[in-house]
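Asks: Pasting a predicted model and its sequence here:
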Amino acid sequence: VALSFILAESALELVPEEIRRSPAVASDSRRRGKEPFEILLDRSFHHSSMARLKESEKRGRPDLVHVALLSVTGTPLYLEGHVKVFVHTFPGLVLELEPKTRIPKNYLRFRGLMEKALVEQPEKGLVSVYRSTVPELVKRRSKSDLIIAFSIRGKMENLGDVSKEVAEAKSPAVIVGGFPHGHFSSETLSVPDRLVRIDESPLEAHVVASRVVYEVEKVSRRMND
Ligand SMILES: C[S@@+](CC[C@H](N)C(=O)[O-])C[C@H]1O[C@@H](n2cnc3c(N)ncnc32)[C@H](O)[C@@H]1O
């Protein structure tokens with residue numbers, strides 16, 4: 001299987017223009033000795049300034065993105081080079097990981113890596129950065145024949161059955177939301193063949209991500225035996 005894993009509309013971005021001069025951002029910028037445009041938007045530090053951002057509830061949680069990426073990039077399926085990871089962010093930049101790239105487990109090192117990537121936007125390397133919507137990403141970069149998005153608003157399905165379909169596809173893509181609250185935009189929702197719910201309760205992105213990758217891994221191992 002050549003699985004594309006898309007963490008969509010992720011709560012990972014540099015502090016946006018609108019709040020770069022706000023008190024919370026200014027004091028964080030002084031404390032860190034970095035310019036406001038070089039710092040990741042983070043609700044733990046910028047909460048009081050974030051209220052005026054549109055869809056604020058979906059943004060400023062790079063820690064969630066970190067945990068979700070660790071749970072995907074630590075799996076055997078990923079380490080063997082069968083998963084391509086795309087982090088599509090709320091403002092529309094995509095970070096693409098070169099296959100098998102490990103990301104720092106330490107959050108501060110992860111933050112440094114993401115800040116550098118988002119400021120410099122390298123075209124190639126372990127993390128490349130470009131502008132793309134989820135529909136463009138699926139069409140151009142991952143050329144998928146089966147696209148499944150996971151959402152609490154989806155139709156309840158058995159994850160084992162869905163994963164079997166995914167593992168049997170030639171170039172499937174799975175989409176998980178990289179945000180703490182809220183739902184996919186209508187743009188993202190135009191992409192998947194199916195919207196799937198895997199539990200009655202809302203789960204965290206890292207739990208859904210690791211379960212999906214593990215189930216696909218189990219099926220593809222069985223197919224290769
Ligand atoms: C913290 S949730 C986002 C909040 C949203 N209210 C929700 O529960 O779907 C992060 C992501 O995990 C996935 N997710 C969470 N619960 C799920 C469920 N029960 N079934 C399928 N996917 C789920 C979705 O992709 C969602 O975008």
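Replies: In hand now; what should we look at?

Asks: what residues are up against residue 63?
Replies: Contact partners of residue 63, counting by Cβ atoms under 8 Å, 6 or more residues apart in numbering, are 42, 44, 107. For the C-beta atoms, the positions are set from N, CA and C on the backbone; glycine is no exception.

Asks: Let me know the helix or strand that the second one is in.
Replies: With elements delineated by DSSP states H and E, residue 44 resides in helix 43-50, which encompasses its position.

Asks: Just want the angle from the helix or strand following that helix to helix 43-50.
Replies: Proceeding N to C from helix 43-50, the next assigned helix or strand is helix 62-73, under DSSP H and E. Orientation of helix 62-73 against helix 43-50 (axes from the mean of the first three to the mean of the last three Cα atoms, to 10 degrees) gives an angle of 140 degrees.

Asks: now helix 62-73: how far from the chain's centre is it?
Replies: Centroid separation between helix 62-73 and its chain, computed with Cα atoms, centre = their mean, to the nearest Å, is 8 Å.

Asks: now swap in stretch 176-194 and tell me
Replies: Taking mean C-alpha positions (Cα atoms, centre = their mean), stretch 176-194 and its chain are 11 Å apart.

Asks: is that stretch anywhere near the ligand?
Replies: Yes: contact of stretch 176-194 with the ligand (Cβ under 6 Å from any ligand atom) involves 176, 177, 179, 180, 181, 183.

Asks: now the contacts of residue 63 in a markdown table, with pLDDT, neighbour count and distance to the ligand?
Replies: Formatted as a markdown table, the contacts of residue 63 follow (pLDDT from 0 to 100; neighbours: other Cβ atoms under 10 Å; distance: Cβ to the nearest ligand atom, whole Å):
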| residue | pLDDT | neighbour count | distance to the ligand |
| --- | --- | --- | --- |
| 42 | 98 | 20 | 17 |
| 44 | 97 | 10 | 17 |
| 107 | 98 | 13 | 18 |
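
Asks: which sections of the chain are below the confidence cut-off?
Replies: Within the chain, the set of residues satisfying pLDDT under 70 comprises 1, 142.

Asks: do you know how far the closest residue to the ligand within the chain is from residue 190?
Replies: Closest residue of the chain to the ligand, Cβ to the nearest ligand atom: residue 177 (2.1 Å). Noted for residue 177: a distance of 15 Å to residue 190, by Cβ to Cβ, to the nearest Å.

Asks: If you count surrounding residues, which of those two has more?
Replies: Applying other Cβ atoms under 10 Å to residue 177 and residue 190 shows that residue 177 carries more neighbours, namely 26 against 12.

Asks: Next, the contact list for the more buried one, please.
Replies: Here residue 177 is in contact with 7, 8, 9, 150, 151, 183, 184, 205 (Cβ under 8 Å, 6+ apart).

Asks: let's go with 10 Å and repeat that
Replies: With contact set as Cβ atoms under 10 Å, 6 or more residues apart in numbering, residue 177 has these partners: 6-11, 58, 64, 68, 149-152, 183-185, 188, 205, 208.

Asks: now residue 9: how far from residue 44?
Replies: For residue 9, the distance to residue 44 - Cβ to Cβ - is 20 Å.

Asks: So which residues of this protein form helices?
Replies: Per DSSP state H, the chain carries helices over the ranges 23-32, 43-50, 62-73, 76-79, 107-120, 134-136, 159-168, 186-189, 205-224.

Asks: just to revisit the earlier point, which positions within the helix holding residue 44 qualify as buried?
Replies: If you call a residue buried by 16 or more other Cβ atoms under 10 Å, then helix 43-50 has these buried ones: 43, 45, 46, 49, 50.
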